[in-house]
Structure formats: structure tokens, C-alpha cells
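> Show me how the following folds:
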Amino acid sequence: MKNKLVTHPILVVEDDSEDRELLIQLLTQVISNCEIIGVANGQEAIHYLETTPQLPSLVLLDIYMPLKNGFEVIKEVKSNPALRTIPIIALTSSSVDKDIVRSYNLGVNAYLIKPSTEEGLHQLVQTIHTYWITNVKGPVYRRNLY
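Purely as a prediction, here's the structure:
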């Protein structure tokens, strides 16, 4: 009997619908065995994280969004014992030093600047796949384990 491949979702939090859809499309192409969930803002991200039965194995998070920005999301996730071990990658267009430092101070696991081209974003998605999905081993995120 073959073992069934267990997949863990990736949560994409991006307020720009075109950027979100492109990122989801590229992630789906590169990571074929993973469910990709997209939400439009930090408020939707927190709601998803608080209600889903299987937490994501990775969150890709824009920083500047309406309703609840990425800094607020990082702070909430990293202060919640049931969520704090979920890796968060800030994926944003901001290269401002204070945003980078603030993100790391709040507990982000990596800070990546969005490439300006689709090809650049595709290469970045491949790098994320190689490092975070293929090489990094994290905890299994199921609510019933807590």
C-alpha cells in the first residue's frame, strides 16, 4: 500500500488581486502537491488561521494592506501559542530598512522583496519551494494536536 502524500496549505495574504492571483498561479505550478489559499487582507488571514482545521505550513504575507496590515498579522500570529510556530515570509515591495527591522523584531521568519517582473517572481517562488517546502521540516499543523 502506498503512503498517501500529505499536503499542507500555503496561505497567501495579498491585497492586490492581480498580484495574489499571479502568486497563487506560480505557487500551484511549482508546488503541485500543495493547496494554496489566498486572502485579501490581514483580517481575513487571522480569521482563516483561527478557524481552519489544518493550519498552513507557510504564510506569504504582504506588509501594507487595508483593514489589518502585515505587521499586525505577524504580531498576532507570533503572540498566539497555537500559531506562533507557523513560518511567515514577508513578501512585499517595501525595501525600507525600518520595515525590514520591524518585521524581524515582530518575529517574521524571512523578509523578501517582490520582484518587479513575472519571471523574477517565478524564480523567487522556486527558491521558496526549494528552501521552505523541500528542505525545511516543521511541525505538523493540525488543531487536534494542541
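> For beta bridges, what are the partners of the residue nearest the centre of the chain?
With distances taken as C-alpha atoms, centre = their mean, Val59 lies nearest the centre of the chain, 1.6 Å away. Judged by DSSP bridges, the bridge partners of Val59 are Leu11, Ile88.
> ok, now how distant is Asn135 from Pro81?
Here Asn135 is placed at a distance of 26 Å from Pro81 (C-beta to C-beta, to the nearest Å). For the C-beta atoms, the positions are set from N, CA and C on the backbone; glycine is no exception.
> pLDDT at Leu5, what is it?
In the prediction, the pLDDT value recorded for Leu5 is 51.
> Please apply the same query to Leu23.
On the pLDDT scale, Leu23 gets 94.
> Isn't it up against Val125?
Yes: counting by C-beta atoms under 8 Å, Leu23 does reach Val125; the two are 7.3 Å apart.
> how long is stretch 79-89 end to end?
One end of stretch 79-89 sits 16 Å from the other (C-alpha to C-alpha, to the nearest Å).
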